[in-house]
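S.K.: Would you be able to build a 3D model of this:
(2 chains)
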Amino acid sequence: MKSSVIVFPGSNCDRDIAVALEKLQFKNSMIWHKENILPKSDLIVVPGGFSYGDYLRSGAIAAKSNILNEVIKAGERGSLILGICNGFQILIECGLLKGALLRNSGLKFISKNIFIKIQSNKNKFFNKYKKNEILELNIAHNEGNFFTDKKHLNELEDNDLIPIKYCDKEGNINPKTNPNGSLNNIAGIFNKNKNILGMMPHPERMADKTCSNEDGLPLFLSLMN
Amino acid sequence: MKFAITVTLKKDVLDPQGKVVSQTLKNMGMNNLSQVRQGKFFEIDLKEKDSSKAHNQVKEMCEKLLVNQIIEDFKISKTE
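M.R.: Okay, here's the model as predicted:
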């Protein structure tokens, strides 16, 4: 499978995701944000980091970059797009996903391992997980507090568009197990067609036993399925 | 032509920074305070003499980049 990782000034998880993809034999290309041409890709990844220093709003400036026009077109054509952390913020700012990521409710940058529960595996991104499976992944963000209006929230809930929610080790989903104040413990959302996923936790950091667990690996295996 | 733009979080969006500022001011003895909302301020200088054209252009800037209208409101005022 062919993948493209978009690189902005300030991206810092681009190498991590490339290593994870290459480990699984993805033929990966790194694409600089000033490019106007996106190679044909089965998967496009918008990685984590602090694109443009988070100026204005996280992801707002990156969302107006040259290559994003191509990413938007590819997304509308049905290509698989994965936005992780700052990548999720960029996908929201460019309109491929709806809603907003506000500052964490506790006002602190959070960098720690958390637990998420798989809400739905009937999609291209989580089909190698079991429903209700609990994963331990890492989060590292200041603006991960997902917010949206009631109409969109209902749309997400009714159409199975919230694949992952924050929980504790036992899988309890409640305000106490919500690290950042995110609406209904939402950790990631799909667009309507489920070809675009934005998520705050970092699966690429949990893809190699030498430095972590491998809870993120099935996500990449799912994409190959 | 100069414009001032104030961006604030919408009424029903939680503003944790505003809350902390409000609590701190109360701790400093400003007890008659009811609420603080924190926002952003932009000063925009345009090379345009037609005031309605300029206003429309600033509005477009707000809608396309400066403001996330899902969570923020904005006010434009002409300053010069």
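S.K.: check which helix or strand covers residue A:146.
M.R.: strand A:145-147 (DSSP states H and E).
S.K.: Skipping adjacent residues, who's closest to residue A:111 in space?
M.R.: residue A:140 (4.2 Å; Cβ to Cβ, 6 or more residues apart in numbering or on different chains). Every C-beta, even on glycine, is put in place using the N, C-alpha and C of the backbone.
S.K.: check contacts around the residue of chain A found nearest chain B.
M.R.: Closest contact between chain A and chain B, by Cβ to the nearest Cβ, is at residue A:100 (4.5 Å). Residues near residue A:100 by Cβ atoms under 8 Å, 6 or more residues apart in numbering or on different chains: A:92, A:146, A:147, A:148, B:68, B:70, B:71.
S.K.: Mind listing the residues bridging to residue A:189?
M.R.: With DSSP bridges as the criterion, residue A:189 is bridged to residue A:198.
S.K.: and it, what is it in contact with?
M.R.: Contacts of residue A:189 (Cβ under 8 Å, 6+ apart): A:97, A:99, A:146, A:156, A:161, A:162, A:163, A:197, A:198.
S.K.: Out of those residues, which is nearest to residue B:45?
M.R.: Each of the contacts of residue A:189 was checked against residue B:45 using Cβ to Cβ; the closest is residue A:99, at 33.1 Å.
S.K.: can I assume that closest one is in contact with residue A:152?
M.R.: Yes: judged on Cβ atoms under 8 Å, residue A:99 makes contact with residue A:152 at a distance of 6.3 Å.
S.K.: The two: which has the busier surroundings?
M.R.: Taking neighbours as other Cβ atoms under 10 Å in any protein chain shown, residue A:99 and residue A:152 compare with residue A:99 leading, 21 against 16.
S.K.: quick one: pLDDT of the closest residue in space to the more buried one that isn't next to it in sequence?
M.R.: In space, and not counting its chain neighbours, residue A:99 is closest to residue A:148: 3.6 Å by Cβ to Cβ, 6+ apart. As predicted, residue A:148 sits at a pLDDT of 93.
S.K.: Could I get the buried residue list for stretch A:149-164?
M.R.: A:152, A:153, A:156, A:161, A:162, A:163, A:164 (16 or more other Cβ atoms under 10 Å in any protein chain shown).
S.K.: So which of the residues you listed sit within helices?
M.R.: Of those, the ones assigned to helices by DSSP state H are A:152, A:153, A:156.
S.K.: May I have the secondary structure class of residue A:83?
M.R.: strand (DSSP: H, G, I helix; E, B strand; the rest coil).
S.K.: Quick check, it in contact with residue A:43.
M.R.: No: counting by Cβ under 8 Å, residue A:83 stays clear of residue A:43, with 11.6 Å between them.
S.K.: With neighbour numbers in mind, choose between those two.
M.R.: With neighbours defined as other Cβ under 10 Å, residue A:83 and residue A:43 compare such that residue A:83 has more, 28 against 21.
S.K.: who does that one bridge with?
M.R.: With DSSP bridges as the criterion, residue A:83 is bridged to residue A:46, residue A:198.
S.K.: circling back to that earlier point, ok, the buried residues of stretch A:149-164 vs residue A:117, which is closest?
M.R.: residue A:164 (6.9 Å).
S.K.: Identify the bridge partners of the closest one.
M.R.: Beta-bridge partners, per DSSP bridges, of residue A:164: residue A:118, residue A:188.
S.K.: So it is in contact with residue A:115, correct?
M.R.: No: contact between residue A:164 and residue A:115 fails when scored by Cβ under 8 Å: they sit 10.2 Å apart.
S.K.: And the contacts of the worst-scoring helix or strand of chain B on mean pLDDT?
M.R.: Least confident element among the helices and strands of chain B, by mean pLDDT, DSSP states H and E: helix B:16-27 (a mean of 91). Helix B:16-27 is contacted by residues A:103, A:104, A:105, A:106, A:107, A:181, B:9, B:33, B:35, B:36, B:37, B:38 when judged by Cβ under 8 Å, 6+ apart.
S.K.: If we use 10 Å, what do you get?
M.R.: With contacts defined as Cβ atoms under 10 Å, 6 or more residues apart in numbering or on different chains, helix B:16-27 is touched by A:102-107, A:145, A:181, B:8-9, B:15, B:30-39.
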